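> the following comprises the amino acid sequence and a computationally predicted model.
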Amino acid sequence: MSHIINVKSEVDIQRLPVNSEEHKFHDWIIRYTKSHILHSQCSTVDQCTKDIDHQCQFCIYTNTLQLPHLPEMVFPNNIMQLVHSSGVQIEFNALEALKLVSNGKLDIKVSCSDSWKESRDPSHLEEKVKPFDWTFSTDYKGSVTGPVTVTPTEERINIERLKQKEKILFYHELMLFEDELHDNGIASCTVKIRVMPSSFFVLLRYFLRVDGVMVRVNDTRFFHDFSTNYVLREFTNRESGVQQLGLPLPMFADPNLIAPHLPLRTGSYDKITWENNISMPNECASSTNSLDSKSSNITEDSDSKSSNITEDSDSKSNNTMEDSNKSKSDAS
């Protein structure tokens with residue numbers, strides 16, 4: 001049966017529960033943990049100073065990333081893992097996402113500096129323009145480990161298949177980090193997953209909006225058909241200046257609404273493959289009956305929550321069709 005476990009850490013999160021959940025679907029174990037934001041200062045100064053191998057989470061993030069400052073909200077315990085019986089693991093966490101933030105000159109400060117300065121209060125300009133990527137832009141594509149081969153592929157995720165009505169066995173969304181850019185916009189990184197009887201779909205999204213200047217959406221999508229021995233991973237970078245879009249302001253608040261209007265800048269398409277002749281442990285196998293029983297407690301909530309991740313898929317489909325100059329109607 002699916003379950004939720006509340007646990008407590010000895011140091012960082014006393015009296016603050018970490019919600020975790022774990023499910024088995026075919027050859028996969030899918031789990032997540034979820035908890036509070038990162039502390040704003042060291043919680044064990046003496047220990048962290050003397051023993052670098054047992055530092056608190058704040059010191060781990062600070063020393064590992066070496067950024068002038070971290071996002072306003074970082075969720076170090078928000079972790080999603082997909083573990084295959086072969087030993088393949090796909091993980092999503094805030095630390096790995098923030099490792100890809102540039103710690104040098106900020107490109108957007110150069111390319112959009114004039115319009116950005118014109119829209120800001122000069123008295124606060126020095127505070128807001130930092131000598132690093134203060135938008136926390138990341139092209140994090142998830143952390144893939146284990147006996148896998150990652151190769152470029154011409155195969156694409158079948159968006160039409162994702163639009164088909166199929167029972168949702170599991171759905172969840174995690175926030176990895178978020179920052180309001182000193183009230184100049186928003187930068188956020190989230191991961192969503194939905195599991196159906198035949199497959200799973202994951203959307204990892206970095207969303208940036210610098211008010212009056214530009215919008216950026218970095219999406220990484222994962223799709224796996226349970227009958228195959230590979231996962232398709234697609235990364236796209238879409239961005240545009242606000243003036244070039246000419247859209248109503250409310251649209252800029254919702255990445256699902258604005259993403260279809262952003263031009264594609266870069267993209268990469270990979271196939272993550274593993275050997276399929278590894279015998280699967282009995283506890284990792286799940287029959288149709290066991291899947292139905294596991295999903296009975298979560299299907300009702302999942303059906304209502306999964307609309308967002310479906311809209312995200314529709315957005316990608318719309319962009320793909322625009323890029324290829326094909327005309328199709330939007331999904332309802």
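Perfect, thanks for sending it.
> alpha carbons only for contacts and neighbour counts from here, please
OK.
> residue 249 - how many residues pack around it?
10 (other C-alpha atoms under 10 Å).
> can you report phi and psi for it?
For residue 249, the backbone dihedrals (degrees, to the nearest 10) come out as phi -60, psi -40.
> what ranges does the chain have for its strands?
3-7, 18-25, 28-34, 73-74, 79-84, 89-92, 143-145, 149-152, 170-179, 185-195, 199-210, 214-225, 230-241, 264-273 (DSSP state E).
> nearest to residue 51, out of the ones you listed?
Nearest to residue 51 among the strands of the chain is strand 73-74 (23.5 Å), distances taken as C-alpha to C-alpha.
> phi, psi for the nearest residue to residue 34 once chain neighbours are set aside please.
Excluding its sequence neighbours, the residue lying closest to residue 34 (C-alpha to C-alpha, 6 or more residues apart in numbering) is residue 78, at 4.3 Å. Reported as degrees, to the nearest 10, the phi and psi values for residue 78 are phi -80, psi 100.
> what is the neighbour count of residue 78?
25.
> ok now do residue 173, which residues does it touch?
190-193 (C-alpha atoms under 8 Å, 6 or more residues apart in numbering).
> could the residues you listed go into CSV alongside pLDDT?
As requested, these are exported to CSV (pLDDT from 0 to 100):
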residue, pLDDT
190, 99
191, 99
192, 98
193, 98
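> want to try CSV for the residues you listed, with distance to residue 150 as columns?
Conversion of those to CSV gives the following (distance: C-alpha to C-alpha, whole Å):
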residue, distance to residue 150
190, 23
191, 21
192, 22
193, 21
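> which of those residues lies closest to residue 214?
residue 190 (19.6 Å).
> ok, the residue nearest to residue 34 to residue 169 distance?
Between residue 78 and residue 169 the distance is 21 Å, computed by C-alpha to C-alpha, to the nearest Å.
> also residue 20?
Counting by C-alpha to C-alpha, the gap from residue 20 to residue 169 is 17 Å.
> more crowded one of the two?
The residue with more neighbours, out of residue 20 and residue 169, is residue 169; 25 against 19, by other C-alpha under 10 Å.
> OK, contacts around residue 160?
By C-alpha under 8 Å, 6+ apart, no residues touch residue 160.
> low pLDDT regions in this protein?
1-18, 104-131, 277-332 (pLDDT under 70).
> residues near the nearest residue to residue 188 once chain neighbours are set aside, how many?
Of all residues beyond its chain neighbours, the one nearest residue 188 is residue 178 (4.2 Å), with distances taken as C-alpha to C-alpha, 6+ apart. Neighbourhood size, residue 178 [other C-alpha under 10 Å]: 22.
> mind listing what residue 178 touches?
71-74, 186-189.
> beta partners for it?
residue 73, residue 188 (DSSP bridges).
> for residue 269, name its beta-bridge partners.
Here residue 269, judged by DSSP bridges, has bridge partners residue 234.
> so it sits against residue 154, correct?
Yes. At 7.3 Å, residue 269 and residue 154 qualify as touching, with contact defined as C-alpha atoms under 8 Å.
> format the contacts of residue 173 as CSV; extra columns: neighbour count.
Formatted as CSV, the contacts of residue 173 follow (neighbours: other C-alpha atoms under 10 Å):
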residue, neighbour count
190, 20
191, 24
192, 19
193, 21
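> and stretch 192-201, end to end?
OK, stretch 192-201 end separation, C-alpha to C-alpha: 8 Å.
> also stretch 31-50?
Stretch 31-50 end-to-end distance (C-alpha to C-alpha) = 34 Å.
> so which bits of that stretch are buried?
31-39, 42-44, 48 (16 or more other C-alpha atoms under 10 Å).
> again, but for stretch 233-245
Those would be 233-242, for stretch 233-245 by 16+ other C-alpha under 10 Å.
> for stretch 174-194, same thing?
174-181, 184-194.
> do the same with stretch 154-163
157, 159, 162.
> burial of the residue lying closest to residue 29 once chain neighbours are set aside, as a residue count?
Nearest residue to residue 29 in three dimensions, chain neighbours excluded: residue 83, at 5.1 Å (C-alpha to C-alpha, 6+ apart). Neighbour count for residue 83, taken as other C-alpha under 10 Å: 19.
> ok, residue 26 next?
Neighbours around residue 26, by other C-alpha under 10 Å: 22.
> wait, doesn't it sit right on residue 226?
Yes. Using C-alpha under 8 Å, residue 26 is in contact with residue 226, at 7.1 Å.
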